[in-house]
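In: Kindly return the folded structure for what I paste below:
(2 chains)
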Amino acid sequence: MLESSIRKKRQGKEILLMTHIVIGYPTFEDSFQIVKEMVEAGVDLMELQIPFSEPIADGPVILTANQKSLANGSTVQHCVDFAKQAVRSFDIPFLFMTYYNIPFKYGIRSFASMMSDIGLHGAIVPDLPPEEGEEYLQAMGEKNLAPIFIFTPNTSDERMKKIAACGNGFIYCVARKGVTGSETKFTSEFHDYLERCRNATTLPLALGFGVKDKADVDFLTGKVDIAVIGSETIRLVDQKGVKAVGDFVRGLR
Amino acid sequence: MDSRGYYNGFGGAFIPEILVSTFEELSKAFQEVKNDPGFWQEYKEIMSSYSCRPTPLTFAGNLTRHFGGARIYIKREDLNHTGAHKANNVMGQGLLVQRMGKRRVIAETGAGQHGVATATMAARFGFECTIYMGEVDVARQRPNVFWMERLGAKVVAVKDGTRILKDAINEAFRDWVTNMDTTHYVLGTACGPHPFPEMVTYFQSIIGKEARKQILSLEGKLPARIYACVGGGSNAMGIFSGFMDDPVELVGVEAGGKGLDSGQHASRLCSKDAGIGVAQGYKTYFLQDSDGQMKETHSIAAGLDYVGVSPILSHLKETGRVRFEAATDKEVVESLSLTIQKEGLIPALESSHAFARAYQEASGLSDKDIIIINQSGRGDKDIFTIADAFSDPGWKEFIIQKAEEYHA
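Out: Sure thing, here's the model as predicted:
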């Protein structure tokens, strides 16, 4: 379902944009305003991150946003309500992004049912390799939700194929080693990696980690289906406020 | 245990994709050394020439008479180089790093013992070294920071989250996902993703192997009970593993902090405040809320102040093979005081948890029974913390005077 809606959107655009927010950061009201700005500026799909106290794959920007959201009293139920409202208000696919303990404590099956009930399209769980995800994969499959898995430059060709077989919707290709939010140099060596990703799956490819401006998006156009902008919009909100997000997104493509 | 490191449903490897190949490499290297009979010999040799192995098993005659029950023996891990059982793990992993051809090591530390041990190992093997330590722990364990820096390590004070051990672990992982090609993460305890729980237990099992041989040679029979403190669980796994198949009761003692009802403790296996969860790469009992967010923990002993616990110990709790108890900060300080006065031994605050529980139970046993307490580390290097715990007036005066000297 997510895959076909991505393919449909791609017919009209050379590259799609996926953005990310940490729910409840800086506040729930601001989060909603950021989603609105992003959607109105033409974002094609969005990751809504449910904050977690131990976000080991995230760099300082998203880490701080997770902590501040939790310090403001965000609960999982608040985040579910937020997602429900976002899905009702805006006509783009939304995904949850979170760490495995959140769905695990919620109950994997209940979590998938809840996602399906409120109309989310899938989830990214960066600390859940497919080998640990048997119950999750089954629950997501039953509800027609897309479990988004990750390729990295360290992933072998053989493993990419194995991961792609478990994934759905699209594959999230991490541009480099490291955590979210640091700079990525998009050099020619990078082509080999993208080619390996392309050869391993027929699913659409999203590319994230370090994508921050129009030059990066231009570079990725024609190479992947989706450019992912994560930490950069949080940085922007921190520095220039919620209102700056719309113009930033419009300037990316 | 299966190939992904599960113990009765606990453990596993919940790792970001970027680290999967690094863990494959580590698991392979560890399997190779485990199957190489020469490796354990090499390990034993370095532990006897560089550290102080085998460490003695000391009969505590005065304490035995004081309680009038079981005969009390103390396994002296405090006599390791750098003053704690941590040396066993770091030297083992150091040999492994050499075999893997990596040149840099990173580690987390709570009390600073594992950090100092890792920095020592790095100096000895010629590795570059970075230690992550929560800002709160940096403040309460400043002398260890001094030694780590003298040993050539870079010490990074972690300012995120609760600024203690778990946050230092997160930060070490963030370094590792960037630098895995050159760097090995020397995890300090029997926690984290597979193969760490198994690997750290393997290196620490030298404690239990020695203790079993020593007690049989001294007394001609096995002990009734063994007591060990449990933070992440590596010293406990180390001594317990030598007696797993024997009719010996194994007692793990967690940090009771200000009491199990206070909410300010670090008891994962004997309080109602913990539940099964997945964080920091493995599944175990965590002190977490109903959403799955980790809670703040408290212990007088920085080394026990941790939200998770070895998945192997969670498994041994479920099977009933190990009994878990908690000792409060107050009980710990009293037991430490008694141990110093009666035996002239100075256990670390962490280790004093095991002593506290053993003292509560010793008089209920007969004089035919033997108990062993694992003194996982020595307390004299924690003089700032222990002097604070005793609220020692002479020490305070000295510190004030010293501060004035620096101001002058």
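In: gap between the residue of the stretch 101-250 of chain B found nearest chain A and residue A:16?
Out: Nearest residue of the stretch 101-250 of chain B to chain A, counting by Cβ to the nearest Cβ: residue B:178, 4.0 Å away. (Each C-beta comes from the backbone N, C-alpha and C, glycine too.) Distance, residue B:178 to residue A:16, by Cβ to Cβ, to the nearest Å: 28 Å.
In: picking up where we left off before, from what I see, the residue of the stretch 101-250 of chain B closest to chain A and residue A:174 are in contact.
Out: No - the pair residue B:178 / residue A:174 is not scored as a contact, 11.9 Å apart, by Cβ atoms under 8 Å.
In: can you map out the helices along the stretch 151-253 of chain A?
Out: Using DSSP state H, counting those that start in this stretch, the helices of the stretch 151-253 of chain A run over A:157-166, A:189-200, A:214-220, A:231-240, A:244-250.
In: Going by neighbour count, list what's buried in stretch A:151-158.
Out: Neighbour counts over stretch A:151-158 (16 or more other Cβ atoms under 10 Å in any protein chain shown) mark A:151, A:152, A:153, A:154, A:155 as buried.
In: next one: stretch A:53-65
Out: Quick answer for stretch A:53-65 (16+ other Cβ under 10 Å): A:53, A:54, A:55, A:56, A:57, A:58, A:59, A:61, A:62, A:63, A:64, A:65.
In: pLDDT on it, on average?
Out: The average pLDDT within stretch A:53-65 is 93.
In: Dump the C-alpha coordinates for that stretch into PDB.
Out: Extracted in PDB, the C-alpha atoms of stretch A:53-65 (Å, rounded to 0.1, in the frame of the first residue of the first chain):
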ATOM      1  CA  SER A  53      14.900   7.800  26.700                       C
ATOM      2  CA  GLU A  54      17.800   5.800  25.100                       C
ATOM      3  CA  PRO A  55      17.900   6.700  21.400                       C
ATOM      4  CA  ILE A  56      21.300   5.100  20.600                       C
ATOM      5  CA  ALA A  57      21.200   5.600  16.800                       C
ATOM      6  CA  ASP A  58      20.500   9.300  17.000                       C
ATOM      7  CA  GLY A  59      23.000  12.100  17.100                       C
ATOM      8  CA  PRO A  60      23.000  15.200  19.400                       C
ATOM      9  CA  VAL A  61      20.200  17.200  17.700                       C
ATOM     10  CA  ILE A  62      17.500  14.400  17.700                       C
ATOM     11  CA  LEU A  63      18.800  13.000  21.000                       C
ATOM     12  CA  THR A  64      18.200  16.400  22.700                       C
ATOM     13  CA  ALA A  65      14.800  16.700  21.100                       C
END
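In: re the thing from before, can you tell me the element the residue of the stretch 101-250 of chain B closest to chain A falls in?
Out: Assigned by DSSP states H and E, residue B:178 falls within helix B:165-179.
In: More neighbours: residue B:178 and residue A:16, which one.
Out: Legend: neighbour count by other Cβ atoms under 10 Å in any protein chain shown for residue B:178 and residue A:16, higher for residue A:16 (23 against 16).
In: For residue 245, give me its contacts.
Out: Using chain A here. The neighbours of residue A:245, taking Cβ atoms under 8 Å, 6 or more residues apart in numbering or on different chains as the test, are A:34, A:37, A:38, A:41, A:233, A:236, A:237.
In: Please refer instead to chain B.
Out: Contacts for residue B:245 (Cβ under 8 Å, 6+ apart) come out as none.
In: Go over the secondary structure and confirm it is in a strand.
Out: No - using DSSP: H, G, I helix; E, B strand; the rest coil, the assignment for residue B:245 is coil, not a strand.
In: In contact with the closest residue to residue B:18 other than its chain neighbours: list those residues for me.
Out: Excluding its sequence neighbours, the residue lying closest to residue B:18 (Cβ to Cβ, 6 or more residues apart in numbering or on different chains) is residue A:152, at 4.3 Å. Residue A:152 makes contacts with A:173, A:174, A:177, B:17, B:18, as judged by Cβ under 8 Å, 6+ apart.
In: can you do 6 Å?
Out: Residues near residue A:152 by Cβ atoms under 6 Å, 6 or more residues apart in numbering or on different chains: A:174, B:17, B:18.
In: Now tell me what touches stretch B:16-26 from outside.
Out: Contact partners of stretch B:16-26, identified using Cβ under 6 Å, 6+ apart, comprise A:57, A:126, A:127, A:150, A:152, A:154, A:177, B:177, B:180.
In: Tell me how far the second one lies from chain B.
Out: In this case it means residue A:126. 5 Å (Cβ to the nearest Cβ, to the nearest Å).
In: element containing the residue nearest to that residue when sequence neighbours are not counted, please.
Out: Closest residue to residue A:126 apart from its sequence neighbours, by Cβ to Cβ, 6+ apart: residue A:57 at 4.3 Å. Residue A:57 belongs to no helix or strand when assigned by DSSP H and E.
In: Now do the phi/psi pair for residue A:57.
Out: phi -90, psi 0 (degrees, to the nearest 10).
In: Which single residue of the stretch 251-400 of chain B ends up nearest chain A?
Out: Going by Cβ to the nearest Cβ, chain A is nearest to residue B:292 of the stretch 251-400 of chain B, at 3.4 Å.
In: one step back: between the contacts of residue A:245, which is closest to chain B?
Out: Using Cβ to the nearest Cβ, the contacts of residue A:245 come closest to chain B at residue A:237, 19.4 Å.
In: thought residue A:76 was touching residue B:290?
Out: No - counting by Cβ atoms under 6 Å, residue A:76 stays clear of residue B:290, with 8.8 Å between them.
In: Those two: who's more crowded?
Out: With neighbours defined as other Cβ under 10 Å, residue A:76 and residue B:290 compare such that residue A:76 has more, 23 against 10.
In: Next up, the contacts around the more buried one.
Out: residue B:291.
In: would you turn the contacts of residue A:245 into TSV with distance to chain B?
Out: Listed next are the contacts of residue A:245 as TSV, based on distance: Cβ to the nearest Cβ, whole Å:
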residue	distance to chain B
A:34	23
A:37	28
A:38	26
A:41	30
A:233	21
A:236	21
A:237	19
